[in-house]
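# need coordinates for the below:
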Amino acid sequence: MSRQHPQLRVAAVQAAPVFLDLDATIDKTIDLMAKAAADGVKLIAFPETWLPGYPWWIWLDSPAWGMQFVQRYHDNSLVLGSPEFDRLRDAARRHKIWLSTGFSEKAGGSLYIAQMLIDDQGRTVQTRRKLKPTHVERTVFGEGDGSDLTVVETAIGNVGSLCCWEHLQPLSKYAMYAQNEQIHLGAWPSFSLYRGAAYALGAEVNNAASQVYAAEGQCFVIAPCATVSQPMSDLMCTDPGKQQMLRVGGGFARIYGPDGSPLGTNLAEDQEGLVVADIDLGMISLAKAAGDPSGHYSRPDVTRLLLNKTRREPVVFERTPERAAERPSAGFEAVDADVVPAAHVASAASAPTHVLAD
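Numbering: from 1, shown residues only. Presented below is the predicted three-dimensional model:
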């Protein structure tokens, strides 16, 4: 008797947020979740910094000019465990749908490019931060750490997440492959910037990165991608030069199979909606038979990766023995009482990836 593999319908969102308005974008998120659930979707993925939108002004002018948006962006960034965060958890439970979304995470006085995964019972499975903000993103966002390069074992498969140009980081990708990733949530902001002038920022190269990730890691890749709306353009592109730098549209949401094949029906770049596909994790074994980069197709005696999964904490508190016993175990996100443990990663001496952990 053959063992059954999870089969499920998944969706990649292509839409514009209600820019710089957290509550309104959560409303739109929940509406799209309801629409997807009505179509039988079990997992829906939203773009990078979907909440409250990607800070495009950092690419359009000087930091001094961009300061006009800073306070509003902070005020509308999402705090873990907040009532706004709970609205998303409640919606996932109500619609019985798994939710992955990118968001600007506010923690103390800093912001981080973050992703969350919430299961269909409304439990927080994982939150993570982008390991290294790209280029001028570093003027807005802080860094994640190795604890965020984690694939979690779930009822729908082994799920991992990365943002944008993390898909161009070979070692980060390999760390994910080595954890037997089956479903990859690859969030992108939009491909609207510097059209025709910076080929590496365009849809062709970056969708190729998602497609190669699928073929290289032999996993399904769900790659949501936002659009730039006319109201967003009107707000930030205050002269013709800026309008040329940031075009309306730019939505190129995609889904790829573990052999790199495109799945689902794509939308026009200025069209909002869902790219939907039915996936069968049983297909992964066929792709793995050809090449498994951290398994039979690896040479750990020649090249190996050191993965430091220690959480980087700016302040370490000394605790009494009683208080130390209350500290969450490594691999957990201390967000709420319904946290689901992260996957354990083997670190045998002959493995292609070595793991350092707390």
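# any idea how far stretch 276-283 is from the middle of the chain?
Taking Cα atoms, centre = their mean, to the nearest Å, one finds the center of stretch 276-283 at 19 Å from the center of the full chain.
# outside of that stretch, which residues touch it?
5-11, 36, 39, 41, 157, 182-183, 220, 255, 257-259, 263-265 (Cβ atoms under 8 Å, 6 or more residues apart in numbering). All C-beta atoms are positioned from the backbone trio N, CA, C, and that covers glycine.
# state the mean pLDDT of that stretch.
The pLDDT scores in stretch 276-283 average 97.
# if we can go back for a sec, just the buried ones from the contacts of stretch 276-283, in ChimeraX syntax?
With 16 or more other Cβ atoms under 10 Å as the burial test, the buried ones among the contacts of stretch 276-283 are selected in ChimeraX as follows:
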select :8,9,10,11,36,41,157,182,183,220,255,257,258,263,264
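# so which of the contacts of stretch 276-283 are in helices?
residue 36 (DSSP state H).
# buried ones in stretch 100-120?
For stretch 100-120, burial by neighbour count (16+ other Cβ under 10 Å) applies to 100-106, 111-120.
# how about stretch 70-80?
For stretch 70-80, by 16+ other Cβ under 10 Å, it's 73, 76-78, 80.
# ok, now stretch 261-272?
With burial defined by 16+ other Cβ under 10 Å, the residues of stretch 261-272 counted as buried are 263-264, 266-267, 269-270, 272.
# can you redo those residues as CSV with pLDDT and distance to residue 92?
CSV is the format used below for these (pLDDT from 0 to 100; distance: Cβ to Cβ, whole Å):
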residue, pLDDT, distance to residue 92
263, 98, 23
264, 97, 22
266, 98, 26
267, 98, 24
269, 97, 28
270, 96, 28
272, 98, 21
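# name the nearest of these relative to residue 198.
Set against residue 198, the nearest of the buried residues of stretch 261-272 by Cβ to Cβ is residue 269 (16.9 Å).
# so which of the buried residues of stretch 261-272 belong to strands?
The strands, defined by DSSP state E, take in residue 263 from those.
# now for the buried residues of stretch 261-272: which two are most distant?
Applying Cβ to Cβ across these, the maximum distance is between 263 and 270, 21.9 Å.
# what is the burial count for residue 295?
14 (other Cβ atoms under 10 Å).
# out of everything not next to it in sequence, what's closest to it?
residue 288 (7.1 Å; Cβ to Cβ, 6 or more residues apart in numbering).
# if the residue lying closest to residue 180 once chain neighbours are set aside is in a bridge, with which residues?
Spatial nearest neighbour of residue 180, excluding adjacent residues (Cβ to Cβ, 6+ apart): residue 158 at 5.3 Å. Each beta-bridge partner of residue 158 is listed here: residue 153, as defined by DSSP bridges.
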